[in-house]
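J.: Provide a 3D model corresponding to the input given below.
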Amino acid sequence: MRHRRSAAAADAADRKQLLKAVLHLKTQREMRFRRALAGVSREERQNEAATGEGDARLAQLARTRHDLLSWRGMATVGTLGRKTLEMQGVLQRVYALSDELRHLRQARATLRDRRRDLQEARVILLKKQEKLKQVLTDEQYQN
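T.: Numbers count the residues shown, from 1 in each chain. Sure thing, here's the model as predicted:
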């Protein structure tokens, strides 16, 4: 003679399956958060490297500008014209580089905010995941 599952046992089994499916989905979501955080870390490293290079180029341009401004002596009109054009080019590069560095610093702040949001969401997800695991283990002990 076969035993039929009672409605309560069927509901408990269905509930357990549902909880396991939800736990699996939350685990997948946690992996997506981990990948997103790894991507943010990679972007932060690239941003940091670009900022360092930009700062080094800006320092070099500052030295060049200082050399041009501190030049003294007599020169022909042609030489003065070339120095003026050189100074103009240096100043344009300084302004462009300063603007680029400003954008990089804004991007760094955006990345920092994104990292914080992802970490907060991941912590919330991990807490919910832990609750689900606890509910599943409690049900196993009860059965």
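J.: Chain neighbours aside, what residue packs nearest to the most centrally placed residue in the chain?
T.: Note on the chain: the residue nearest the mean C-alpha position is Val40, at 2.4 Å, using C-alpha atoms, centre = their mean. Nearest residue to Val40, sequence neighbours excluded (C-beta to C-beta, 6 or more residues apart in numbering): Arg115, at 4.9 Å. C-beta here means a position set from N, CA and C on the backbone, and glycine is covered the same way.
J.: surely that neighbour meets Gly39?
T.: No. Shown here, Arg115 and Gly39 do not form a contact pair, counting by C-beta atoms under 8 Å, at 10.1 Å.
J.: Give me the more crowded residue out of the two.
T.: The residue with more neighbours, out of Arg115 and Gly39, is Arg115; 16 against 13, by other C-beta atoms under 10 Å.
J.: dump the residue contacts of that one.
T.: 37, 40-41, 44 (C-beta atoms under 8 Å, 6 or more residues apart in numbering).
J.: Can you give me the separation between it and Gln134?
T.: Distance of Arg115 to Gln134, computed by C-beta to C-beta, to the nearest Å: 29 Å.
J.: just Ala62 next, same as before
T.: On the measure of C-beta to C-beta, Ala62 and Gln134 end up 60 Å apart.
J.: where does the residue nearest to the centre of the chain land in three-state SS?
T.: Per DSSP: H, G, I helix; E, B strand; the rest coil, the secondary structure class of Val40 is helix.
J.: what's near enough to touch it?
T.: Val40 makes contact with 111, 114-115, 118, according to C-beta under 8 Å, 6+ apart.
J.: Against Gly81, how distant is Arg65?
T.: Distance from Arg65 to Gly81, by C-beta to C-beta: 18 Å.
J.: Counting neighbours around each, name which of those two comes out higher.
T.: Higher neighbour count among Arg65 and Gly81: Arg65, with 16 against 11, using other C-beta under 10 Å.
J.: and that one, what does it touch?
T.: 87, 90-91, 94.
J.: I'd guessed Asn47 sits against Leu104; true?
T.: Yes. The criterion here is C-beta under 8 Å, and Asn47 meets it with Leu104 at 5.8 Å.
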